[in-house]
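Show me the folded form of this:
(chains A and B)
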Amino acid sequence: SQQGEEDPQALSIQEGENATMNCSYKTSINNLQWYRQNSGRGLVHLILIRSNEREKHSGRLRVTLDTSKKSSSLLITASRAADTASYFCATDYGYGNKLVFGAGTILRVKS
Amino acid sequence: NAGVMQNPRHLVRRRGQEARLRCSPMKGHSHVYWYRQLPEEGLKFMVYLQKENIIDESGMPKERFSAEFPKEGPSILRIQQVVRGDSAAYFCASSEDRGRGEKLFFGSGTQLSVL
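The predicted structure follows:
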């Protein structure tokens, strides 16, 4: 399977703490993307990192990519209660934008 | 600029009935993807379409499921003779005509419940 796998499956932290989620994949990729899903809603794109990039920032988000280990991490700094959601990594393979999603990490930020 | 629109938001069907799920991509987007999500799982790819063409249907069950994206109108995911195992959230996503590696814009999904 080329599916990304996130860990941990669930993460519970206090507001203000940092949250780190990891994603591993199995085959070569063109890019890796992170998405967020609030309960009962569609996915929202957070950040895209290409295979020739090692680190990318967007606001309180920091994503790293290690192609030698086929892994990526998403760091959310200074978390807020509103960050409570499920976070998915997705890798692209094949023609077009056919993304393969992992099972996700459920993040709960307690206020 | 409206986002990806899916309807209905919730759909209840009895076993053996047909389910039709609709998706209007973002304006200017010509690529549509359908995904299925079971509770507490990630999204599973079903089918990728461009206008009037099915590009990749490798994730679609061989029987009872079909998808189209006509020249005019929304993309339709059709499930015939639904069974309880079809109960899931079905998400549509679209992207611009830029080829590989761009982000997807998702609709809010259709929650299908089969009684």
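
Which pLDDT value does the model give the residue most central in space within chain B?
Of all residues in chain B, the one closest to the mean position by C-alpha atoms, centre = their mean is B:Trp34, 3.4 Å from it. B:Trp34 carries a pLDDT value of 96.

Do I have it right that it meets B:Phe91?
Yes: here B:Trp34 reaches B:Phe91: they are 7.3 Å apart, a contact under C-beta atoms under 8 Å. All C-beta atoms are positioned from the backbone trio N, CA, C, and that covers glycine.

quick revisit: can you tell me the SS state at the residue nearest to the centre of chain B?
Following DSSP: H, G, I helix; E, B strand; the rest coil, we place B:Trp34 in the strand state.

so how far is stretch B:33-53 from its chain's centroid?
6 Å (C-alpha atoms, centre = their mean, to the nearest Å).

does any part of it sit near chain A?
Yes: Stretch B:33-53 is in contact with chain A by C-beta under 8 Å from any C-beta of the partner chain, via B:33, B:35, B:40-45, B:48.

Between the two ends of that stretch, how far is it?
One end of stretch B:33-53 to the other measures 12 Å (C-alpha to C-alpha, to the nearest Å).

What segments of chain B are helices?
With DSSP state H, there are no helices along chain B.

Hmm, B:Pro8 is touching B:Leu112, no?
No: at 9.4 Å, B:Pro8 does not count as touching B:Leu112 under the criterion of C-beta under 8 Å.

any common contacting residues for those two?
Counting by C-beta atoms under 8 Å, 6 or more residues apart in numbering or on different chains, the contacts common to B:Pro8 and B:Leu112 are B:Leu21.

rewinding a little: what is the lowest-pLDDT residue among the residues of stretch B:33-53 next to chain A?
With pLDDT as the yardstick, B:Glu40 is the minimum among those, at 76.

Counting neighbours, what do you get for that one?
Applying other C-beta atoms under 10 Å in any protein chain shown, we find 11 residues neighbouring B:Glu40.

Please name the residues that touch it.
Here B:Glu40 is in contact with A:103, A:106 (C-beta under 8 Å, 6+ apart).

any idea how far it lies from A:Ile76?
Separation of B:Glu40 from A:Ile76 (C-beta to C-beta, to the nearest Å): 21 Å.

what does A:Arg54 give?
Taken as C-beta to C-beta, the span from A:Arg54 to A:Ile76 is 19 Å.

Those two - which one has more neighbours?
A:Ile76 (23 against 11).

Give the bridge partners for the more buried one, please.
A:Ala19, A:Leu61 (DSSP bridges).

That one touches A:Val63, doesn't it?
No: contact criterion C-beta under 8 Å: A:Ile76 and A:Val63 do not qualify, at 10.2 Å.

got the residue ranges for the strands in the chain?
Let's take chain A. A:5-7, A:10-14, A:19-24, A:31-37, A:43-50, A:55-58, A:61-66, A:71-76, A:85-92, A:99-101, A:105-110 (DSSP state E).

that answer is for a different chain, and I need it for chain B
B:5-7, B:10-13, B:19-24, B:31-37, B:43-50, B:53-56, B:65-68, B:75-79, B:88-95, B:105-106, B:110-114.
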